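**Q** Based on what follows, work out the 3D shape:
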Amino acid sequence: MKFNKDKVSFGRHETFPLRYSWLTKGFQSIIKNPDIFNSPEAVVELGVGKNMVNSIRFWLLASKLVKNSDNKYQPTEIGSLIFDVKKGFDPFMEDEATLWLIHWLISTNPENATSWFWFFNRFHKPEFSIEETSESLIEFANHNIHGKKASTTLKGDTAILLRMYSRSRGNTRTSLEEALDSPLSLLRLISQAPGGRTYFSYPEEREDLSLSIFGFTVLELLENLNKKTIPIGELMYSKTEFPSLGAVFRLTENSLISKLENLVLKNPDIFDIRETAGIHQFYWLKTVDPITFLKQHYNSEHQLKNAA
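**A** Next up, the predicted model:
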């Protein structure tokens with residue numbers, strides 16, 4: 001989660017944005033065969049070409065659903081919790097909360113998805129062109145990363161990122177086709193103007209962001225920061241090498257505060273907000289595994305479906 005200039009990755013997506021079925025298909029293939037991505041059988045098993053096989057592997061690693069150990073791929077705890085075909089909460093990504101979770105996991109993974117970490121934590125322009133985005137990423141890489149990175153690779157990352165999150169108004173494809181290609185576009189974190197030259201990424205209320213998923217992200221961030229107390233301003237705008245909630249989710253200040261207050265109201269034994277020396281601080285009072293909040297969300301959704 002912490003940015004390290006010596007551990008970065010660019011251009012591993014093979015020019016393919018994340019597609020809807022890829023995480024499910026790739027995860028289930030790894031369960032059957034942890035060595036699948038080192039095997040020529042991967043093309044047959046996954047039903048795609050070699051470059052797409054490499055892209056699926058990249059997105060599984062970028063979203064922290066699997067980890068690479070001695071060149072074999074193993075599911076992470078979150079991967080199994082969500083994508084296990086028998087016991088997983090949402091193996092086919094039918095719950096929009098899963099998309100918010102995947103977005104958080106990718107955007108807080110600077111080692112495997114450096115450009116995504118940069119865009120959602122360091123790039124703050126609300127209106128921009130693809131050229132401006134590419135130039136800013138190149139400038140960031142030149143000043144913050146050891147070793148020279150090819151500008152064509154960085155430009156490729158920005159093109160894929162914008163394509164992955166935006167839905168062009170001028171596109172003749174249907175919304176369903178776009179969603180099947182790139183599920184994270186449904187989050188509306190980036191939009192594209194008619195004609196396609198200008199993009200927008202404004203802070204908004206994000207009322208469809210599940211409070212339990214948000215609670216998980218708060219705890220995961222505090223756990224990685226090794227903090228029990230943090231100024232609310234630092235949750236909005238990161239001043240460290242760590243991500244910030246306000247930036248990743250493109251939240252307004254009022255929305256961030258409202259979500260934090262709702263967390264306190266729902267979990268008064270775990271969280272609190274207090275004013276210290278004129279600064280509003282968010283407190284983590286009781287040690288809880290962040291995964292608890294994911295289970296809380298999916299269990300409640302399961303109960304609602306059963307009741308219906």
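**Q** which residues in the stretch 101-250 of the chain form helices?
**A** Here the stretch 101-250 of the chain has its helices, by DSSP state H, counting those that start in this stretch, at 114-122, 130-144, 151-165, 175-181, 211-225, 232-236, 245-248.
**Q** quick one: which of those helices is nearest Phe293?
**A** In terms of CB to CB, the element of these nearest to Phe293 is helix 211-225, at 4.0 Å. Yep, even glycine has a C-beta here, placed from its N, CA and C like the rest.
**Q** Quick check: pLDDT value at Val85.
**A** pLDDT, Val85: 89.
**Q** My error: substitute Ala193 in the last question.
**A** Looking at Ala193, the pLDDT reads 89.
**Q** re earlier: which stretch among the helices of the stretch 101-250 of the chain comes nearest Leu61?
**A** Nearest to Leu61, of those and by CB to CB, is helix 114-122 at 12.3 Å.
**Q** Quick one: mean pLDDT over that closest one.
**A** pLDDT averaged over helix 114-122 gives 97.
**Q** Can I get that helix in CSV, CA atoms only?
**A** Extracted in CSV, the C-alpha atoms of helix 114-122 (Å, rounded to 0.1, in the frame of the first residue of the first chain):
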residue,chain,number,x,y,z
THR,A,114,1.7,2.1,-10.1
SER,A,115,-0.1,4.3,-12.7
TRP,A,116,-3.5,3.6,-11.0
PHE,A,117,-2.0,4.5,-7.6
TRP,A,118,-0.6,7.7,-9.1
PHE,A,119,-3.8,8.7,-10.8
PHE,A,120,-6.2,8.1,-7.9
ASN,A,121,-3.8,9.5,-5.2
ARG,A,122,-1.5,12.0,-6.8
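**Q** Comparing the helices of the stretch 101-250 of the chain, which yields the minimum mean pLDDT?
**A** For these, where the average pLDDT is lowest is helix 175-181, sitting at a mean of 51.
**Q** Count the neighbours of Leu256 for me.
**A** 23 (other CB atoms under 10 Å).
**Q** That one contacts Leu245, correct?
**A** Yes - checked against CB atoms under 8 Å, the pair Leu256 and Leu245 is within contact range at 6.4 Å.
**Q** Give the residues shared as contacts by those two.
**A** 235-236 (CB atoms under 8 Å, 6 or more residues apart in numbering).
**Q** ok, back up a step: tell me which of the helices of the stretch 101-250 of the chain is the most buried.
**A** Among these, helix 114-122 has the highest mean neighbour count (mean count of other CB atoms under 10 Å), at a mean of 24.
**Q** one step back: compare the helices of the stretch 101-250 of the chain and give me the one nearest Asp90.
**A** helix 211-225 (11.4 Å).
**Q** where does the protein dip in pLDDT?
**A** Residues of the chain meeting the criterion pLDDT under 70: 168-181, 301-308.
**Q** Other residues contacting stretch 209-226?
**A** Contacts of stretch 209-226 (CB under 8 Å, 6+ apart): 1-2, 96-97, 100-101, 104, 108, 228, 230, 235, 240, 242-243, 245, 248-249, 259-260, 262-263, 266-267, 271, 282, 284, 288-291, 293-294, 296-297, 300.
**Q** Can you give me the distance of Leu137 to Ala62?
**A** Going from Leu137 to Ala62 by CB to CB, to the nearest Å gives 16 Å.
**Q** whoops, I mixed them up, Lys149
**A** Distance from Lys149 to Ala62, by CB to CB: 17 Å.
**Q** Between those two, which is the more surrounded one?
**A** Neighbours per residue, other CB under 10 Å: of Lys149 and Ala62, the larger number sits with Ala62, 23 against 18.
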